[in-house]
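*Asks:* Everything below, folded, please.
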Amino acid sequence: MRKQLRQKKVKLRWNRIISFASACILILSMLIGLTISVLNDTTRNTSAASKPSDNNPVSDTQTKIKNNLTRYLASVTSNGNVAVDFYNLSPVSGSQAAQESNAAVYTEGSLAVSFNGTQRMIAASTYKLYITAWLFHEIEVGAITWTDNDEDGFQRMIINSDNDYSEAILDQYGAKVLNKYYATLGTGYVFKSSGATTTSNDLMTILKAIQKGTGPFDNASLRKKLLTAMENQVYRDGIPAAAEQVASGSTVQDKVGWIGSTDNDAGIVTTPKGDRYLLVIMTDNGDYQDFSQIEKIASKIQTIVYGKQ
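*Replies:* Prediction:
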């Protein structure tokens, strides 16, 4: 009897020990789980805080500008009678534009767009920029000597858009020779039996060479001669009028052309703040020497990209 009682007491004691141990194990497991959970939460929060933001203010602004520009130009060129090439240049060094907080947005070429850029259109007098390229090349290689007659003809060709000098050069050298040379500049042909044609892409190629002083425009004296004449050309509708409207005091060095229903303008624009861009607009608008469409398009482009100044 005593033996049975002793066995019951021992069994009860072990049951209590086992229950206590189980409770301890359960509590310990809960504590371990809670600790792991806290550590995981801390790790997640630390990772989220240290992860760099995907936002890039410069890139975001460039995308917004290009989207707005694309939407606008898609609408005005949709009928196929308008071609536009826009190419932004970096702000003038040391200028107000170069010192502004958003200057990086305007890194050269970052906002460039082209619509109907490969579409061949009547060049009108913009072909005189190609004639100039050939003349400067011939001077540089020593093939011709610049005379007073050349100077007079050149100035009238660019400033007044007179035709006699450019037509004389074309007659003297011929379309085949000139077109072969233009191919070396990375442009297509200009002269065929039907007259002078070009594309806004090719005119932009010429403008870039003029602006950078490369190829036939690498002679600083000759380049200055051309840019001065372009700045002084007398037909100030189109791009010059637009630039003045958006940013009064802008400098525009451009070459216009018109014939029949064709009106074209290709220019280099510098605003008083120091913003700079190249722009080519070619149109077949049904009216003779009517640059109002070009002015409207150029004004809108400058406003979208740089804002009203």
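*Asks:* how about the strands in the protein?
*Replies:* Taking DSSP state E as the test, the strands found in the chain are 82-89, 113-115, 121-122, 191-192, 195-198, 251-259, 262-270, 276-284.
*Asks:* export these to TSV and tack on mean pLDDT, distance to residue 106 and mean neighbour count?
*Replies:* Using the backbone N, CA and C atoms, a C-beta is placed for each residue, glycine as well. Below are the strands of the chain laid out as TSV (pLDDT from 0 to 100; distance: least, CB to CB, whole Å; neighbours: other CB atoms under 10 Å):
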stretch	mean pLDDT	distance to residue 106	mean neighbour count
strand 82-89	99	6	23
strand 113-115	98	14	19
strand 121-122	97	29	22
strand 191-192	95	36	16
strand 195-198	96	28	20
strand 251-259	98	17	22
strand 262-270	98	13	25
strand 276-284	98	9	25
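*Asks:* Quick check: which of these is nearest to residue 146?
*Replies:* Closest to residue 146 of the strands of the chain is strand 251-259 (CB to CB; 19.9 Å).
*Asks:* Quick check: neighbours of that closest one in the sheet, parallel or antiparallel?
*Replies:* strand 262-270 (antiparallel) (DSSP bridges).
*Asks:* relative to strand 82-89, how tilted is the partner strand?
*Replies:* Per axes from the mean of the first three to the mean of the last three CA atoms, to 10 degrees, the angle that strand 262-270 makes with strand 82-89 is 10 degrees.
*Asks:* Send over strand 262-270 as PDB, restricted to the C-alpha atoms.
*Replies:* In PDB, the C-alpha atoms belonging to strand 262-270 read as follows (Å, rounded to 0.1, in the frame of the first residue of the first chain):
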ATOM      1  CA  THR A 262       7.100  76.600-100.200                       C
ATOM      2  CA  ASP A 263       8.500  78.500 -97.200                       C
ATOM      3  CA  ASN A 264      11.500  77.300 -95.300                       C
ATOM      4  CA  ASP A 265      13.700  78.500 -92.500                       C
ATOM      5  CA  ALA A 266      16.900  77.000 -90.900                       C
ATOM      6  CA  GLY A 267      18.500  78.800 -88.000                       C
ATOM      7  CA  ILE A 268      20.700  79.000 -84.900                       C
ATOM      8  CA  VAL A 269      19.000  80.700 -81.900                       C
ATOM      9  CA  THR A 270      20.600  82.200 -78.800                       C
END
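*Asks:* And that strand, how far out from the chain middle?
*Replies:* 16 Å (CA atoms, centre = their mean, to the nearest Å).
*Asks:* What of stretch 173-191?
*Replies:* With CA atoms, centre = their mean, you get 27 Å for stretch 173-191.
*Asks:* Same question for stretch 102-114.
*Replies:* That offset, for stretch 102-114, works out to 5 Å (CA atoms, centre = their mean).
*Asks:* Could you do stretch 166-173 as well?
*Replies:* 35 Å.
*Asks:* Show which residues not belonging to that stretch make contact with it.
*Replies:* Stretch 166-173 is contacted by residues 125, 127, 128, 131, 134, 135, 153, 157, 178, 191 when judged by CB atoms under 8 Å, 6 or more residues apart in numbering.
*Asks:* what do you get for stretch 114-125?
*Replies:* Taking CB under 8 Å, 6+ apart as the rule, stretch 114-125 contacts 73-74, 77, 80, 82-86, 130, 161, 163, 166, 188, 190, 195-201, 204, 255-260, 262-264, 282, 284.
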